[in-house]
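Trainee: sequence and predicted model, in that order:
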Amino acid sequence: MLLNEVRYLVALRGGRLHLLTGRNGEGGAPTFGPGSLHRLVPDITERDVYVCGPPA
């Protein structure tokens, strides 16, 4: 299963994994919008961040 592989790689590198599911966040805000990503990773401009999922 791909999720287990991702978890393994994140643990190996000492990273943090956020699983976001569903179509929208609280109040209908886009789950993957700039605001929600910045709340999860405040220093996002200084990190490598990977987002994957099905096409919109």
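Mentor: Right, received. Where do you want to start? Because the structure is a prediction, the values reported are computed rather than measured.

Trainee: next helix or strand past the biggest helix by length in the chain?
Mentor: In the chain, taking DSSP state H as the definition, the longest helix is helix 2-13. Per DSSP states H and E, helix 2-13 leads on to helix 34-40 as the next helix or strand towards the C-terminus.

Trainee: in that following helix, what counts as buried?
Mentor: Using 16 or more other Cβ atoms under 10 Å as the test for burial, helix 34-40 gives S36, L37. In this view, the C-beta of every residue, glycine as well, is placed from N, C-alpha and C.

Trainee: gap between that helix and the chain center?
Mentor: Relative to its parent chain, helix 34-40 has a centroid offset of 9 Å by Cα atoms, centre = their mean, to the nearest Å.

Trainee: alpha carbons only: can I get that helix in PDB?
Mentor: What follows is helix 34-40, C-alpha atoms only, in PDB (Å, rounded to 0.1, in the frame of the first residue of the first chain):
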ATOM      1  CA  PRO A  34      -2.400  28.400   0.600                       C
ATOM      2  CA  GLY A  35      -3.900  29.400   4.000                       C
ATOM      3  CA  SER A  36      -4.500  25.800   5.200                       C
ATOM      4  CA  LEU A  37      -1.000  24.700   4.000                       C
ATOM      5  CA  HIS A  38       0.600  27.600   5.700                       C
ATOM      6  CA  ARG A  39      -1.200  26.700   9.000                       C
ATOM      7  CA  LEU A  40       0.200  23.200   8.800                       C
END
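
Trainee: sorry, back to before: what's the longest helix of the chain in contact with?
Mentor: Residues from elsewhere that reach helix 2-13, judged by Cβ atoms under 8 Å, 6 or more residues apart in numbering: G15, R16, L17, L19.

Trainee: which of the residues you listed count as buried?
Mentor: If you count burial by 16+ other Cβ under 10 Å, none of the contacts of helix 2-13 comes out as buried.

Trainee: relative to P42, which of those residues is nearest.
Mentor: Minimum distance to P42 across the contacts of helix 2-13 is 12.1 Å, recorded for R16 (Cβ to Cβ).

Trainee: coming back round to it: please render the contacts of helix 2-13 as TSV that adds distance to I44 and pLDDT to the earlier fields.
Mentor: Shown next, in TSV, are those (distance: Cβ to Cβ, whole Å; pLDDT from 0 to 100):
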residue	distance to I44	pLDDT
G15	13	90
R16	12	89
L17	15	90
L19	17	84
